[in-house]
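Participant: Let me see the structure of the following:
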Amino acid sequence: MSSIQASRGTRDILAPEIYDWQHLEALARRILAQAAYTEIRTPSFEATELFARGIGETTDIVGKEMYTFVDKGDRSLTLRPEGTAGAVRAFIEHKLFAQGGVQRLWYTGAMFRYERPQAGRQRQFHQLGVEVLGSKDPRADAEVIAIASDFLTELGLTDLVVDLNSVGNAEDRLAYRGALVDYFTPYEAELDADSRDRLTRNPLRILDSKDKRTQEIVQAAPSILDYLGAESQKHFERVRSLLQDLGIAFRLNPRLVRGLDYYTHTAFEIQSTLLGAQSAVCGGGRYDRLVAELGGADTPAVGWAIGLERLVLLLQKLSQRTAPTADFYLVSRGELAEAKALFVAQSLRRAGFITELDLSGAKFDKQLKRASSAGAKAALILGESEVASGQLQLKWLATGEQQAIALTDITANPETFRQTFSQRFSS
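Facilitator: Predicted coordinates:
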């Protein structure tokens, strides 16, 4: 019988890669907590209508990439392809707006899109995202970009570039839409099939085409920046000024429209040259109409999402993180000694030491070899004679130095034991 393997586009995350994930997740929690963002956890699947209305029916995500199914209650459900729509649904459903002020939310979790798997892009992938709901202030735009920049910089990424654009408000986009239709119509026969379909439904999406010939045509297309009204220009100028004050370098990219229909005003991506063609590691922008479109009150909002798979690839290019090594490795042999070793291991763990307990029952020399291979700093050796004498042997694996330790020093006074040896383990 053949073995069952992970489905195409999904993968298991194992050591040592898992330590990169744990590192970036811990860093994200610290940075977002410092900025007073509150974690939110939403379901992995939602009503299909949420994404059709929120993301936009003309987008590739809704039209081609969603995992949609009908449940036993004849309801159409979809595995979430992104995190913003679910966060906004929760904001409306739980009346978070009633708490007053600005709501700063963040989330992380698995998302699902039916795409061609490649490096850094899977059908089940993971995102870290933030949403700031309730403020139209350009400072909110600059804040989320600054937080993303701080997070990525603290991870050690030094080659980052912020691409910045404004897609204006609804009136600006309507005027720009007409200009794009006028520009692209003479080239209709030369556009790729998706772009021809978008020409009358959503011509802004043509700017995002990956087709080579369409990209060539796009180069001379009108710029959205020439169609911004006074309000949009003022907002965008303020965002740029704030980023300059923060020392965050950016480049204007009037072709940047992002892949979702809900964006208004600011749109941005943070790129890394280490990723080659798939260079975007973070993307986001303002979406002032989305809350109202999903049934809530008119609420301005801005946010971003980071693809964690791509971020882990970047960390691996910089340096391979290794597994945290044990402080103590418990070596024991004999029924009484093995039972006591478990008790000792738990005492050490409660005292704050990383402790690995050998469960093999093998001879002492084999267990000590495993202790060295595991990279532990010290081995604690416990046999029947040690149980009888009330002492065990502590062996420093780097030097071979060995000393006797009373069992009660560990089990009865773990805090004193920790203080005695903490300096040696921190060195």
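Participant: Please, where are all the helices along the stretch 151-300 of the chain?
Facilitator: Secondary structure of the stretch 151-300 of the chain (DSSP state H, counting those that start in this stretch): helices at 170-184, 193-201, 212-218, 230-245, 290-293.
Participant: what's the least confident stretch among those helices?
Facilitator: Least confidently modelled of the helices of the stretch 151-300 of the chain is helix 193-201, at a mean of 88 by mean pLDDT.
Participant: Contacts only, for A339.
Facilitator: A339 makes contact with no residue, according to C-beta atoms under 8 Å, 6 or more residues apart in numbering. Heads up, the C-betas are built off the backbone N, CA and C, glycines and all.
Participant: Please repeat the previous calculation with a cut-off of 10 Å.
Facilitator: Counting by C-beta atoms under 10 Å, 6 or more residues apart in numbering, A339 touches 332, 387.
Participant: host element of it?
Facilitator: helix 335-350 (DSSP states H and E).
Participant: now swap in A146 and tell me
Facilitator: Assigned by DSSP H and E, A146 belongs to helix 138-154.
Participant: quick revisit: winner for burial among the helices of the stretch 151-300 of the chain?
Facilitator: Stretch with highest mean neighbour count among these: helix 290-293 (a mean of 19; mean count of other C-beta atoms under 10 Å).
Participant: for that helix, the distance to its chain's centre please.
Facilitator: Remark: helix 290-293 is offset 25 Å from the chain centroid, using C-alpha atoms, centre = their mean, to the nearest Å.
Participant: Quick check: next helix or strand after that helix?
Facilitator: Per DSSP H and E, the first helix or strand lying C-terminal to helix 290-293 is strand 301-307.
Participant: Quick one, which of the helices of the stretch 151-300 of the chain gets closest to T84.
Facilitator: Closest to T84 of the helices of the stretch 151-300 of the chain is helix 290-293 (C-beta to C-beta; 7.3 Å).
Participant: what's next to the closest one, contact-wise?
Facilitator: Counting by C-beta under 10 Å, 6+ apart, 53-56, 84-85, 88-89, 91-92, 97, 131, 133-134, 260-264, 287, 296-301, 303 sit against helix 290-293.
Participant: distance of the nearest residue to S372 once chain neighbours are set aside from K377?
Facilitator: Spatial nearest neighbour of S372, chain neighbours left out: L397 (5.4 Å); criterion: C-beta to C-beta, 6 or more residues apart in numbering. L397 sits 7 Å away from K377, going by C-beta to C-beta, to the nearest Å.
Participant: Name the residue in those two with the higher neighbour count.
Facilitator: K377 (19 against 16; other C-beta atoms under 10 Å).
Participant: That one: what's it in contact with?
Facilitator: Applying C-beta under 10 Å, 6+ apart, the residues contacting K377 are 325-329, 353-354, 371, 396-398, 421, 424-425, 427.
Participant: Just the buried ones from those?
Facilitator: 326-329, 353, 371, 397, 421 (16 or more other C-beta atoms under 10 Å).
Participant: just to revisit the earlier point, test my guess that the residue nearest to S372 contacts L368.
Facilitator: Yes. Using C-beta atoms under 10 Å, L397 makes contact with L368 at a distance of 8.1 Å.
Participant: ok so, going back, can you select the buried ones from the contacts of helix 290-293 in ChimeraX?
Facilitator: Here is the ChimeraX selection string for the buried members of the contacts of helix 290-293, based on 16+ other C-beta under 10 Å:
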select :53,54,55,56,84,85,88,89,91,92,97,131,133,134,260,261,262,263,264,287,296,299,300,301,303
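Participant: Strands - which of the contacts of helix 290-293 land there?
Facilitator: 131, 133, 264, 301, 303 (DSSP state E).
Participant: could I get those as TSV with distance to E115 and pLDDT?
Facilitator: Formatted as TSV, these follow (distance: C-beta to C-beta, whole Å; pLDDT from 0 to 100):
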residue	distance to E115	pLDDT
E131	24	98
L133	29	98
T264	26	90
A301	26	97
G303	22	97
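Participant: Pick out whichever of the residues you listed sits closest to I410.
Facilitator: E131 (47.8 Å).
Participant: Please tell me how far that closest one sits from A33.
Facilitator: Distance of E131 to A33, given as C-beta to C-beta: 16 Å.
Participant: Run through the strands of the stretch 1-150 of the chain in chain order.
Facilitator: Using DSSP state E, counting those that start in this stretch, the strands of the stretch 1-150 of the chain run over 38-39, 45-47, 68-70, 76-79, 103-112, 124-133.
Participant: Need the residues touching each of L397 and K377.
Facilitator: 329, 371.
Participant: Show the subsequent helix or strand relative to the helix holding A339.
Facilitator: For helix 335-350, the following helix or strand on the C-terminal side (DSSP H and E) is strand 355-357.
Participant: tell me which residues in the helix or strand following that following strand are buried?
Facilitator: The element immediately downstream of strand 355-357 (helix or strand, assigned by DSSP H and E) is helix 364-373. Applying a neighbour-count criterion of 16+ other C-beta under 10 Å, one finds 367-368, 370-371 buried in helix 364-373.
Participant: Could you list every helix and strand that helix 364-373 packs against?
Facilitator: Of the remaining helices and strands, those touching helix 364-373 by 3 or more C-beta pairs under 10 Å, 6 or more residues apart in numbering; DSSP states H and E are strand 328-332, strand 378-382.
Participant: Tell me which of the contacts of K377 has the lowest pLDDT.
Facilitator: Checked by pLDDT, the contacts of K377 have S427 as the lowest-scoring entry (53).
Participant: picking up where we left off before, now list whatever residues contact both of L397 and L368.
Facilitator: Between them, L397 and L368 share the contacting residues 329, 376, 379, judged by C-beta under 10 Å, 6+ apart.
Participant: Which one of these is nearest to P203?
Facilitator: A376 (62.3 Å).
Participant: In terms of helices and strands, where is the closest one?
Facilitator: Going by DSSP H and E, A376 is not in any helix or strand.
Participant: In contact with it: list those residues for me.
Facilitator: 325-331, 354-356, 368, 370, 395, 397-398.
Participant: what about the stretch 51-200 of the chain, any weak spots by pLDDT?
Facilitator: Low-confidence segments of the stretch 51-200 of the chain (pLDDT under 70): 58.
Participant: List the contacts of the residue nearest the centre of the chain.
Facilitator: Residue closest to the mean C-alpha point of the chain, counted by C-alpha atoms, centre = their mean, is L128 at 3.1 Å. The contact partners of L128, by C-beta under 10 Å, 6+ apart, come to 24-25, 28-29, 32, 83, 106-109, 148, 151, 282, 304-308, 311.
Participant: again, only this time at 8 Å
Facilitator: By C-beta under 8 Å, 6+ apart, the neighbours of L128 are 24-25, 28, 106-108, 305-306, 308.
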